[in-house]
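>>> Got a predicted structure plus its sequence, pasted below:
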Amino acid sequence: MTARQRPYRRRAFPGAGVLRAENRAVRIRTAGCHRIPSADRRAPGSRPPPPRPRTARHGTHEERSMTQQPPPAGPPDLPDRVVEVYGEHDLSTVPAFAGGFINFGYWAEPAGPADRPLTEADRIRSEQDLYRLVLGTFAGTRGRTALEVGCGRGLGCALALREFGLGTVIGLDAHPDQIARAREANAELLAAPDTAGRLEFRLGAAQALPLPDDSVDCLFSVEAAQHFRDLPGFARESARVLRAGGRLALTTFFARTPAAARALPELLPPYADGLDVPHVVDEVAAELSAAGLRQVGVRPIGEGVWEQYDRYMAQRPQLRDEWPRRYLTAYETGLLDYYVLTATAG
Ligand SMILES: C[S@@+](CC[C@H](N)C(=O)[O-])C[C@H]1O[C@@H](n2cnc3c(N)ncnc32)[C@H](O)[C@@H]1O
């Protein structure tokens, strides 16, 4: 069976269905999740709608009391599929990921001979190493303030605090369940005398960062931007919150060309079912520049991502014949790559 033919058995990542009942028992309420209006669900390559003024959704206090509408207490606009995958399904618990991280991982070197079985510890290290690669792009981190956009369970924030000498790390995620999980997973660090007050998790969206202007030195995002509907908004917000000279580092998978962006939904279900958007890498870089960020750099790192990820999948009976192995096909046929984008503010 070729990778392109691998079946698409379920809408969710393989294994998600099995875990759903378990997750339901510990499920945290997702009240307040809103749909993105259908007009915002853009065709790949089309221009985004003009940004809504921030006050338009929340309204003034007077406007709200006149209409008796409470201010929105839940997360920012999120597509239904994103709400479902990071809420009820809890993607971090499916076997393709490990250790609470939710990324494809980075392997600077193949993990030994091709027939050596990759362990779950290997897989977790790859997910941590993706964070190390991104955080390593920041020249100086000691005592600095960092923001992660799309922090998931916040394990990368904890790594950033522990290993990079940062003064403060703020983990931001648009899904309230993820913020609750991040607080739970990092409860010790949040309470320990030397780290309390230096790590925090906040609900908020990439396109409307709940932070003051010029308040962040290092802004990073790991495998989250494929979900962002409003990339220009994210770029503008990043430029706003970064101090002059502050640095941005963003890593995830993007389409290599507009034609690839059109082809990807046929191969990979997350593009077809509304979880991911096939952003084109050059367009993402152009948005960062258009927002006023300088020295925008694009580094493809797929060579260190897809082969070892696929090897991990291939060695597991429950993953061997599943559609996520088509990511390697997409990489090898030139449709997508994994990238690190860097930029400087001011
Ligand atoms: C694939 S997970 C990555 C989590 C973490 N960075 C990691 O590597 O383990 C993507 C995360 O992005 C969050 N997310 C999706 N859309 C977002 C948005 N517009 N703003 C902020 N976070 C968002 C999701 O809730 C999810 O937790």
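That came in fine, so what should we check first? Numbers count the residues shown, from 1 in each chain.

>>> contacts, neighbours, all on C-alpha from now
Noted.

>>> Lowest average confidence across helices and strands of this protein, where is it?
Using mean pLDDT, DSSP states H and E, helix 54-58 stands out as the lowest-scoring helix or strand of the chain, at a mean of 29.

>>> State the next helix or strand along the chain beyond the longest helix seen in the chain.
Scanning the chain for the helix with the most residues, using DSSP state H, yields helix 120-135. Downstream of helix 120-135, the first helix or strand assigned by DSSP states H and E is strand 145-149.

>>> so does that following strand get close to the ligand?
Yes - using CA under 6 Å from any ligand atom, we find that strand 145-149 touches the ligand at V149.

>>> Could you name the helices and strands sitting against that strand?
Applying 3 or more CA pairs under 8 Å, 6 or more residues apart in numbering; DSSP states H and E, one finds that strand 145-149 contacts strand 168-173, strand 216-222.

>>> re earlier: what lies in contact with the longest helix of the chain?
97-99, 101-107, 111, 156, 159-160, 164, 220, 222, 249-251, 309, 312, 340 (CA atoms under 8 Å, 6 or more residues apart in numbering).

>>> got the buried residues for that helix?
Neighbour-count burial for helix 120-135, counted by 16 or more other CA atoms under 10 Å, picks out 122-135.

>>> ok, now stretch 141-150?
If you call a residue buried by 16+ other CA under 10 Å, then stretch 141-150 has these buried ones: T141, R144, T145, A146, L147, E148, V149, G150.

>>> what's the neighbour count on the nearest residue to the first one once chain neighbours are set aside?
In other words, T141. Take T141 and drop its neighbours on the chain: the residue closest to it by CA to CA, 6 or more residues apart in numbering is L166, 5.3 Å away. Neighbourhood size, L166 [other CA atoms under 10 Å]: 20.

>>> isn't L166 right next to R142, touching?
Yes - the pair L166 and R142 passes the contact test of CA atoms under 8 Å, sitting 4.9 Å apart.

>>> how about the residues of the stretch 151-300 of the chain near the ligand?
151-152, 173-175, 178, 205-206, 222-224, 227-228.

>>> Quick check on these: which are buried?
Buried residues within those, counting neighbours by 16+ other CA under 10 Å: 151-152, 173-175, 178, 205-206, 222-224, 227-228.

>>> List just the nearest of these to E266.
For these, the closest approach to E266 (CA to CA) belongs to H227, at 17.6 Å.
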